[in-house]
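Peer 1: Output the structure for:
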Amino acid sequence: MPPRPAKKAVTCPQCGATQQEAPGVISTFCRACGQHFELDDRQPARPAVPAVAATAWRDKLAPLAARLAPLKKRALKHAEPWLLRYEPQIARLREYYERWRPPEFKRVRCHECGRLHEVPYLASSTSCPNCNAHIDLYDALVEKRVSRVVRTRGNLVIKKFGYLNNQLTICGNADIGGGAAGKIFCDGETRIRTAGRLNCEIGSRRVRVEKGADVIVAHPIRVHDMVVRGKVTARIYCNGTLRILKRGFLKGEVHARSIMVDKGGLLQAELNIGRFDELDPEILGTLQERTCYMALEDAVLPQKQATLAI
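Peer 2: Numbering: from 1, shown residues only. Modelled structure (predicted):
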């Protein structure tokens, strides 16, 4: 067995303590003060700084710190009125940041049973805790004529030259700038910006016909709230409020609980004002369809109130 190499004595540059280390060691810790230092012989050794020298440096800097203390106090004194002066603007900026900061969680409605639950904002899919149904959360973009299945709680965007041909489409928010066929059930807001004919049935919580749109919807529109800024011809079943803004035009057949027509708006339709869902509850769609786009409590609550009134 070969003999072990002899150890060498090293000195800590911090406290000056001496200890034995192996010849191949590059760095170590001082066993006295715990300071880490290198032992590479190729680099010049760091000069040891005794504790007396460090204390001397602190004594030299003490008068400078005492001289800067009044300046620090004066700066804080002059900054305080400035902070008080711009305090409303600072509070407004803080409120703006809190308002537009992306949320950590978002609410998702199951398209099978209608239950709401929270999921992380960046999640791509989830499962319903009630019926264990799989729910996708991706965003769908349609830029050309396609026939594909879209069942997601994300956003659906149909571009100007896009056309979605699908028997049943489920989404969170919809932006229709092109064409579509089939049924579109949207849990959030549906924006219609196209010009032409839509061969689809729309069921949504909110529908906005944007300015510049001139559309004819061949099948009924079942909606909770609707706002018209462009031109639309359709058969509408509105469970809430229908509002026609300035330069908005609505033509067709309207069943709604309340209608508001602003100055400059035009309504040319067969009107039926009141509770239309009492005689035919399925006029807003089947229960399975309403879970896709309309909160169940909005459809069930009026019936409970009517029962209590009786």
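Peer 1: if I look at the closest residue to Ser147 other than its chain neighbours, how far off is Ala234?
Peer 2: Spatial nearest neighbour of Ser147, chain neighbours left out: Asn165 (4.5 Å); criterion: Cβ to Cβ, 6 or more residues apart in numbering. In this view, the C-beta of every residue, glycine as well, is placed from N, C-alpha and C. Going from Asn165 to Ala234 by Cβ to Cβ, to the nearest Å gives 20 Å.
Peer 1: between those two, which one's more packed in?
Peer 2: Applying other Cβ atoms under 10 Å to Asn165 and Ala234 shows that Ala234 carries more neighbours, namely 23 against 16.
Peer 1: what's near enough to touch the nearest residue to the more buried one once chain neighbours are set aside?
Peer 2: The shortest distance from Ala234 to any non-neighbouring residue, by Cβ to Cβ, 6+ apart, is to Val217 (3.8 Å). Taking Cβ atoms under 8 Å, 6 or more residues apart in numbering, we find Val217 in contact with Arg197, Leu198, Cys200, Ile202, Val232, Thr233, Ala234, Arg235.
Peer 1: which one among the residues you listed gets closest to Phe185?
Peer 2: Closest approach to Phe185 among the contacts of Val217 (Cβ to Cβ): Ile202, at 8.1 Å.
Peer 1: Show me where this structure has its helices.
Peer 2: All helices of the chain, identified by DSSP state H, fall at 51-85, 87-100, 287-293, 296-309.
Peer 1: Please, where are all the strands along the stretch 151-300 of the chain?
Peer 2: 155-158, 163-171, 173-176, 179-192, 195-209, 214-217, 221-228, 231-244, 249-261, 266-273 (DSSP state E, counting those that start in this stretch).
Peer 1: Quick one: list the elements packing against the second one.
Peer 2: Strand 163-171 is packed against strand 140-142, strand 145-146, strand 150-151, strand 155-158, strand 179-192, with contacts defined by 3 or more Cβ pairs under 8 Å, 6 or more residues apart in numbering; DSSP states H and E.
Peer 1: Give the buried residues for that strand.
Peer 2: Tyr163, Leu164, Asn165, Asn166, Thr169, Ile170, Cys171 (16 or more other Cβ atoms under 10 Å).
Peer 1: so can I have JSON lines of the residues you listed showing pLDDT and distance to Ala269?
Peer 2: Below are these laid out as JSON lines (pLDDT from 0 to 100; distance: Cβ to Cβ, whole Å):
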{"residue": "Tyr163", "pLDDT": "94", "distance to Ala269": "28"}
{"residue": "Leu164", "pLDDT": "93", "distance to Ala269": "27"}
{"residue": "Asn165", "pLDDT": "91", "distance to Ala269": "29"}
{"residue": "Asn166", "pLDDT": "89", "distance to Ala269": "29"}
{"residue": "Thr169", "pLDDT": "91", "distance to Ala269": "26"}
{"residue": "Ile170", "pLDDT": "90", "distance to Ala269": "29"}
{"residue": "Cys171", "pLDDT": "91", "distance to Ala269": "27"}
